[in-house]
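K.L.:
Structural data only, the sequence is not supplied:
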């Protein structure tokens, strides 16, 4: 059996499956037709398997494939015994097959879900692609971009990184509430972890491309602050759902409008009906999500404006009429 040099850099169990060997001992050597391979991964294998005593694994000597063909039946029997022992060992050490598959499925699914959340208050900074162009700033010093959609038009929010992150967090929270209804606690944790991972990757990408933050240490600091904000949002919105609309509205006001008594333009007093509108929106979306099967989440969130029902994350006149007392 020909042993490639790349094997020495692979994980222990995969290395073991390729080499079809058993317990390592101090005199064990990986032999090739050219030289003896030595690496830290081989050393780790030796130390790990030298402590195993629950399975009696026959020791075999690995040689080039040509040499194996010339050996007698005894060598082939040793190889078969080694394979059988490895099979027992892998079954006892490796995780259940479904776990790995579920992780990849969860990663792909949550990426689609995050993209829908991120698109609700997406924005662009045209000056970022123009050499020497200066990006306009808000009164508080944030980079001011260009955004479209009803989150900007109905609530007079400014197209900034802060607005994008808070609107995205709000929709991620709505999805998290729905995902908590999954039957498996492990699935809930996996989906939640991947969801915030997608946010972190996208947020750092925006910092680099749109806001020209080349310092990794500064980006890491901002990402840490955003993660803390996410944990606070989970607690604040959960409290609002339990204690009532007034508490939920206060949490929305603190996050979306930064607890400011004046509007985003800095001139007029904040229109509190806008806060109530967001609360009504959240309640409606949660109600609709509760009636959607988990396997259909992506399709109902993306929607189909031409041939099917629109996305659950949409502008609704019913929410507005409810707030105005006409619903």
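P.N.:
Here it is on my side, so go on. Note that the structure is predicted; figures quoted are calculated from it, not measured.
K.L.:
Going by C-alpha atoms from here, please, whenever you check contacts or count neighbours.
P.N.:
Noted.
K.L.:
Leaving out chain neighbours, which residue sits closest to residue 142?
P.N.:
Leaving aside its sequence neighbours, residue 142 sits nearest to residue 160 (C-alpha to C-alpha, 6 or more residues apart in numbering; 6.9 Å).
K.L.:
Ok, residue 107 next?
P.N.:
residue 194 (5.9 Å).
K.L.:
Which secondary structure elements does the strand or helix carrying the one you found sit against?
P.N.:
Using DSSP states H and E, residue 194 maps to helix 185-209. Applying 3 or more C-alpha pairs under 8 Å, 6 or more residues apart in numbering; DSSP states H and E, one finds that helix 185-209 makes contact with helix 97-119, helix 161-179, helix 216-243.
K.L.:
I'd like to know which elements the second one is packed against.
P.N.:
Going back to what we said before, that points to helix 161-179. helix 97-119, helix 185-209, helix 216-243, helix 245-256, helix 272-289.
K.L.:
Please repeat the previous calculation with a cut-off of 6 Å.
P.N.:
The contact analysis (3 or more C-alpha pairs under 6 Å, 6 or more residues apart in numbering; DSSP states H and E) places helix 161-179 against helix 97-119.
K.L.:
Just the residues contacting the helix it packs on, thanks.
P.N.:
Residues from elsewhere that reach helix 97-119 (C-alpha atoms under 6 Å, 6 or more residues apart in numbering): 168, 171, 191, 194-195.
K.L.:
Touching whatever helix or strand comes next after that helix from outside, list them.
P.N.:
Downstream of helix 97-119, the first helix or strand assigned by DSSP H and E is strand 123-124. Strand 123-124 has contacts (C-alpha under 6 Å, 6+ apart) with 145-147, 159.
K.L.:
same deal with stretch 156-175?
P.N.:
With C-alpha under 6 Å, 6+ apart, stretch 156-175 has contacts from 117-118, 121, 123, 144-147, 264.
K.L.:
hang on, the earlier thing: can you pick out the most distant pair from the contacts of strand 123-124?
P.N.:
145 and 147 (6.6 Å; C-alpha to C-alpha).
K.L.:
ok, residue 145 - contacts?
P.N.:
Counting by C-alpha under 6 Å, 6+ apart, residue 145 has contacts 124-125, 159-160.
K.L.:
For these, give me TSV that also has distance to residue 218 and pLDDT.
P.N.:
Below are the contacts of residue 145 laid out as TSV (distance: C-alpha to C-alpha, whole Å; pLDDT from 0 to 100):
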residue	distance to residue 218	pLDDT
124	21	95
125	20	95
159	22	96
160	18	96
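K.L.:
now those in CSV, with neighbour count and distance to residue 237?
P.N.:
Output for the contacts of residue 145, formatted as CSV (neighbours: other C-alpha atoms under 10 Å; distance: C-alpha to C-alpha, whole Å):
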residue, neighbour count, distance to residue 237
124, 16, 28
125, 19, 30
159, 23, 23
160, 21, 22
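K.L.:
Which member of the residues you listed is positioned nearest residue 213?
P.N.:
residue 125 (13.8 Å).
K.L.:
what bits of this structure have low per-residue confidence?
P.N.:
Residue ranges of the chain with pLDDT under 70: 1-102, 265-267, 304-308, 326-327.
K.L.:
Could you chop it up by domain?
P.N.:
5-93, 97-323 (automatic domain parsing).
K.L.:
Just give the closest residue to residue 223, not the sequence neighbours.
P.N.:
Counting by C-alpha to C-alpha, 6+ apart, the residue nearest residue 223 is residue 200, at 6.6 Å.
K.L.:
can you check residue 316 too?
P.N.:
Closest to residue 316 by C-alpha to C-alpha, 6+ apart is residue 281, at 8.0 Å.
K.L.:
any idea how far the residue lying closest to residue 125 once chain neighbours are set aside is from residue 157?
P.N.:
Sequence neighbours aside, residue 145 is the residue nearest to residue 125 in space, at 4.5 Å (criterion: C-alpha to C-alpha, 6+ apart). Residue 145 sits 11 Å away from residue 157, taking C-alpha to C-alpha, to the nearest Å as the criterion.
K.L.:
Residue 206 now?
P.N.:
19 Å.
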